[in-house]
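A.B. asks: A predicted structure for the sequence below; I have some questions about it.
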Amino acid sequence: MRPRCGMSISWSRKSSRRSASAFVLREVGLELNTVTAHELHDMLISRKVSAREITQATLDRISGVDDKVKAYVTVTADLAMEAATAVDQRIGRTGEIGPLAGIPVAIKDNMCTAGTPTTCSSKILRDFVPPYDATVVERVASAGAVMVGKTNLDEFAMGSSTENSGLFVTHNPWDLTKVPGGSSGGSAAAVAADEAILALGSDTGGSIRQPASFCGVVGLKPTYGRVSRYGLVAFASSLDQIGPITKDVTDAALLLQVVSGKDPLDSTSVDLPVPDYVAGLRKDVRGLKMGVPKEFFAQGVEPEISNAVMQAVELLQGLGAEYKEISMPIMEYTLPTYYILAPAEASSNLARYDGVRYGHRSAHTPDAITMLMKTRDEGFGAEVKQRIMIGTYALSAGYYDAYYLKAQKVRTLVRQAYDEAFEEFDVLVSPTSPTVAFGIGERVDDPLQMKLADVCTIPINMAGIPAISLTCGFHEDLPIGLQIMGKPFDEETILRVAYTFEQNTDYRTRKPAL
Amino acid sequence: MTEFEPVIGMEAHAELLTESKMFCGCSAEFGGSPNSRTCPVCLGLPGSLPVANKKAVEYVIRTALALNCRISELSIFHRKNYFYPDLPKDYQISQYGETPIGVGGWIDITVNGETKRIRIRRVHLEEDTGKLIHSGGDESLIDYNRSGVPLMEVVSEPDIRSAEEAREYLVRLRAILTYLGVNDGKMEEGSLRCEPNISLRPKGTEKFGTPTELKNLNSFRAVYRGLDYEINRQQEILQEGGKIVHETRRWDDTRGVTAVMRGKEFEQEYRYFPEPDLVPMEFSPEFVEEQRAALPELPEDKKHRFVKEYDLPAYDAEVLTNTRAFADFYEETVKVYQEPKTVSNWMMGDFSRLLNAAGIEIAESTVKPADLAGLLKMIADGTISGKIAKTVFEEMFGTGAPPQQIVEKKGLTQITSEAELYPVIDQVISENPKIVQDFLGGNEKPFGFLVGQVMRYTKGRANPQAVNRLLRERLASVIHK
């Protein structure tokens, strides 16, 4: 019943289901695990397929390719089949189900799942089984979505390649020698490799959008406060936000719809009405004003990336939008500022992993303080330790004003820069990442280069605004991400722009060969 | 020899009487089997988030208003970071810096008839920690039932100059807290804790000396004794030219001494920063006024009203209003028996003595205001004597029975009838011929002895005035014989 965590994957194979799935495959002409959620929904309500068949197809795909991709930390096959069965019964009884019912979803392993391990890809939480569900997990479950497993990440979401996972490295489905990006690398790789229809990621400095970009899928970071963080294991509380990683923009709208809205358990979630995101999807950008901040095209952005993004901008212009190049000089300071604020909050958020109540406890316990120090030394990886040390230093008396306080002031300036820009423009457009997916091991010894991978995504978290990433081209057969930034709580507009672009291009039809 | 002046500042922590904890829905009630009142939030499980308890915030605002503080328009929570096993998140959510909920108030205290103003620096809100239980051996257990219970901190300015002032400050603070109903005032149980810091300086100088902080002061008496001890200890050291060490000292109530708990020479590094999981609290003037309107009559106002309305001495009024329950009992009693000073005497005298001896609060006593009034009425109408009344009251206190019942059952009614008293008086006269002769010879002194004898034979039930009158009558008739 309880899936084991770690690298071992457990699920039930039922040969009869496999053949049923193969039957549908012949009839419909495609593999169910490759289909989008909104298309599967139509197939479910017209009873062309069952939720069990969809789930089985997805689990089969996981068993077929995940030893290469390594997207999953835990696969919850039995729970998934149970959930799918319940959806099938509901369809049988009432014929009515919500848009996500019966759709396989992968959950990043830093969101709490009651009874299923939640490791944060850290040795310190390898055996941690939460007694409660994160609000988002509860919301997707009550929408009838079928959780198929928990995905790999950079330990505690700290990283840009999933190489910092304390468990194992995830591979990019487009090229297994490349990283999938991070920190939501497992979720992005799972969706890209059709090992999940939908996935949830979390984004503190680009952790949804950058891996979505590297893996050629859609990733959306909502406005801070749009989605509850309750049950998301905190990295940097004032920057973290959960969002969808999906095969197309419509699915992103569907999943965002389900997880959005005020949660009484999260004081920072905002009590604003949640619009109908799917209804807002129109192929129409006429009169839309786009700003193109030139700072996002500097700092090591490869020319092929810039070109692809500018071509996307021009395509949108051709569809009736206007664009103008602008300058946001403060952006130069966002990366160093982020690396004060995020570690400062992390140093406090990660203090609780002390071996006292849960998770790893060192065997070396002559006294409480030694136990605590040994536990943390053994349990945390190098990147996490480094950030805890940076954060501890930045918050120390005597340095607080020079670092933390100053960084908060810069953050205010970043917000103001966006406010000003959004007085003139409806959206801002940029690359998601300066490069396409880089090679595994290529940057591990170059922390600065590694951190530059987030230079285009971090400012968005600092300002708390929403942004979406979707594919706008390929370079050396690897996807290029287009980032569209929007006004606070105006996810509708960025979804509409992304949808218009997606429907006028065919990048999403390209699939990695695995 | 240099004369030194103590400089004392008081930090008081009060557990708030809210139903639920500060940042989650768990019960905040005292007790419960270990770790039964916990949830992901107060256990600091990964991913859990705090949500501030509105009631607790209102309680702090009301306290701050009662302490004459200004309410910050915008108040935020901070994280105080330190590692300790009883602290599940390894940081405490507290309020640091310039914007606690309440700022800059005062309490007026009266010591030796003189009123003095002690300024309040801040009133803020934080969460309590769990409790470590050292079970012996090489294991320690932790009970997180107290983890996350709302805790209010009231910090005074260093305006206190003696152990007596410190005690009086706490008496007044406790009175205010219990009047507001935000805290139960139980110092023994630790729901109200105080940690004074104290330093000495040569009288007439401005500069503060090196302070020590005192812990484990679990009663007003302990506060007084602990500070008194510490003042003397520091004075001796300074007079011998020694230096005070900046440290926390623990009061040992049994041995009557303070001893070092831990050094404070190295400032603990708490890495305070604004709590990002909670949004800033904004208090509109309307909201603050609503809270002000919700304030009950406070001890100081009640005291003045008692002086005016019941014509009581200021001292009586102060003692009677120390707790709301005591004051309420008084007023209930006076409603039934309208002799305010008599009621006051009984409450400050016999009743207080019995409460103290039993170590209970008035609310826990079985005596009801109507019963005390009934007892006083029986004295007034001569049913029982004042002396008997004391015995009856002790029984009321012990059993909770109404006075009428006790008096009836035990036959304690006063004897006033001549028919009953004459035989006793006659017996006393005949048994003491010498003393009677002495009295008749003009010596008034032995008269008291004869009255006493009558009282003895009637087991104190005889009405003293009647005995007086009848005894004189009888003695006069002896002469005429």
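C.D. replies: Good, I have the coordinates. Numbering: from 1, shown residues only, chains lettered A, B, ... in the order given.

A.B. asks: on the three-state scheme, the residue sitting furthest away from the middle of chain A is what?
C.D. replies: Distance from the C-alpha centroid of chain A peaks at A:Pro366, with 41.1 Å (Cα atoms, centre = their mean). Under DSSP: H, G, I helix; E, B strand; the rest coil, A:Pro366 falls in the coil class.

A.B. asks: what residues does chain B put near chain A?
C.D. replies: B:40, B:43-52, B:79, B:81, B:83, B:85, B:88-91, B:140, B:142, B:267, B:269, B:271-273, B:276-279 (Cβ under 8 Å from any Cβ of the partner chain). No exception for glycine: its C-beta is placed from N, CA and C like everyone else's.

A.B. asks: just the buried subset of those residues, written out for PyMOL, thanks.
C.D. replies: Selecting only the buried entries of the residues of chain B next to chain A in PyMOL, with 16 or more other Cβ atoms under 10 Å in any protein chain shown as the criterion:
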select buried, chain B and resi 40+43+44+45+46+47+48+49+50+51+52+79+81+83+85+88+89+90+91+142+271+272+273+276+277+278
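
A.B. asks: now, which of the residues of chain B next to chain A lie within strands?
C.D. replies: Among these, the members falling in strands (DSSP state E) are B:Arg79, B:Asn81, B:Tyr91, B:Ser140, B:Ile142, B:Phe273.

A.B. asks: tell me which two of these sit farthest apart.
C.D. replies: Using Cβ to Cβ, those span at most 29.6 Å, a distance reached by B:Ser140 and B:Phe273.

A.B. asks: pLDDT at the residue most central in space within chain B, what is it?
C.D. replies: Centroid-nearest residue in chain B, with Cα atoms, centre = their mean: B:Val171, separated by 5.8 Å. We have a pLDDT of 93 for B:Val171.

A.B. asks: do you know how far it is from chain A?
C.D. replies: 36 Å (Cβ to the nearest Cβ, to the nearest Å).

A.B. asks: contact partners for residue 123?
C.D. replies: Unless you meant another one, I'm taking chain A. Neighbour list for A:Lys123: A:Gly166, A:Leu167, A:His360, A:Glu378, A:Gly379, A:Phe380, A:Gly381 [criterion: Cβ atoms under 8 Å, 6 or more residues apart in numbering or on different chains].

A.B. asks: you answered for a different chain; I wanted chain B.
C.D. replies: Neighbours of B:Val123 in contact, by Cβ under 8 Å, 6+ apart: B:60, B:63-64, B:67, B:69, B:100-103, B:105, B:152-155.

A.B. asks: apply 6 Å and report the result again.
C.D. replies: For B:Val123, the contacting residues are B:Thr63, B:Ala64, B:Cys69, B:Gly102, B:Val154, by Cβ atoms under 6 Å, 6 or more residues apart in numbering or on different chains.

A.B. asks: quick one, phi/psi of it?
C.D. replies: Phi and psi for B:Val123, reported as degrees, to the nearest 10, are phi -130, psi 120.

A.B. asks: okay, and the beta partners of the nearest residue to it once chain neighbours are set aside?
C.D. replies: With sequence-adjacent residues excluded and distances taken as Cβ to Cβ, 6 or more residues apart in numbering or on different chains, B:Val123 is closest to B:Gly102, at 3.5 Å. Judged by DSSP bridges, the bridge partners of B:Gly102 are B:Ile71, B:Val123.

A.B. asks: gap between B:Gly102 and chain A?
C.D. replies: 21 Å.

A.B. asks: that residue: what's it in contact with?
C.D. replies: Applying Cβ under 6 Å, 6+ apart, we find B:Gly102 in contact with B:Ala64, B:Cys69, B:Val123.

A.B. asks: give me that answer again for 7 Å
C.D. replies: B:Val60, B:Ala64, B:Leu67, B:Cys69, B:Ile71, B:Arg122, B:Val123 (Cβ atoms under 7 Å, 6 or more residues apart in numbering or on different chains).

A.B. asks: closest one to chain A out of those residues, please.
C.D. replies: B:Val60 (17.3 Å; Cβ to the nearest Cβ).

A.B. asks: what is the neighbour count of the closest one?
C.D. replies: Neighbour count for B:Val60, taken as other Cβ atoms under 10 Å in any protein chain shown: 28.

A.B. asks: that one contacts B:Met152, doesn't it?
C.D. replies: Yes. B:Val60 lies in contact with B:Met152 (Cβ atoms under 7 Å); the separation is 5.3 Å.

A.B. asks: overlap in contacts, the two.
C.D. replies: Common neighbours of B:Val60 and B:Met152 (Cβ under 7 Å, 6+ apart) are B:Val123, B:Leu125.

A.B. asks: after the helix or strand A:Leu316 falls within, which helix or strand is next?
C.D. replies: Counting by DSSP states H and E, the element that carries A:Leu316 is helix A:303-318. Toward the C-terminal end, the helix or strand that comes next after helix A:303-318 (DSSP H and E) is strand A:322-326.

A.B. asks: partner strands of that following strand, with direction?
C.D. replies: When DSSP bridges is applied, strand A:322-326 pairs with strand A:289-293 (parallel).

A.B. asks: let me see the mean pLDDT of stretch B:258-268.
C.D. replies: pLDDT averaged over stretch B:258-268 gives 78.

A.B. asks: any buried residues in stretch A:377-390, and which?
C.D. replies: For stretch A:377-390, by 16+ other Cβ under 10 Å, it's A:Gly379, A:Phe380, A:Gly381, A:Glu383, A:Val384, A:Arg387, A:Ile388, A:Ile390.

A.B. asks: do that stretch and chain B meet?
C.D. replies: No. Legend: contact between stretch A:377-390 and chain B by Cβ under 7 Å from any Cβ of the partner chain is lacking; minimum distance shown is 11.3 Å.

A.B. asks: kindly export that stretch (C-alpha atoms) in PDB.
C.D. replies: This file holds the C-alpha atoms of stretch A:377-390, laid out as PDB (Å, rounded to 0.1, in the frame of the first residue of the first chain):
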ATOM      1  CA  ASP A 377      26.100  17.600   8.400                       C
ATOM      2  CA  GLU A 378      25.100  14.200   7.200                       C
ATOM      3  CA  GLY A 379      21.700  15.100   5.900                       C
ATOM      4  CA  PHE A 380      22.200  18.200   3.800                       C
ATOM      5  CA  GLY A 381      24.100  18.400   0.500                       C
ATOM      6  CA  ALA A 382      26.800  20.900  -0.300                       C
ATOM      7  CA  GLU A 383      24.500  23.400  -2.100                       C
ATOM      8  CA  VAL A 384      22.000  23.500   0.800                       C
ATOM      9  CA  LYS A 385      24.800  23.900   3.300                       C
ATOM     10  CA  GLN A 386      26.300  26.700   1.300                       C
ATOM     11  CA  ARG A 387      23.000  28.600   1.100                       C
ATOM     12  CA  ILE A 388      22.300  28.100   4.800                       C
ATOM     13  CA  MET A 389      25.700  29.600   5.600                       C
ATOM     14  CA  ILE A 390      25.200  32.500   3.200                       C
END
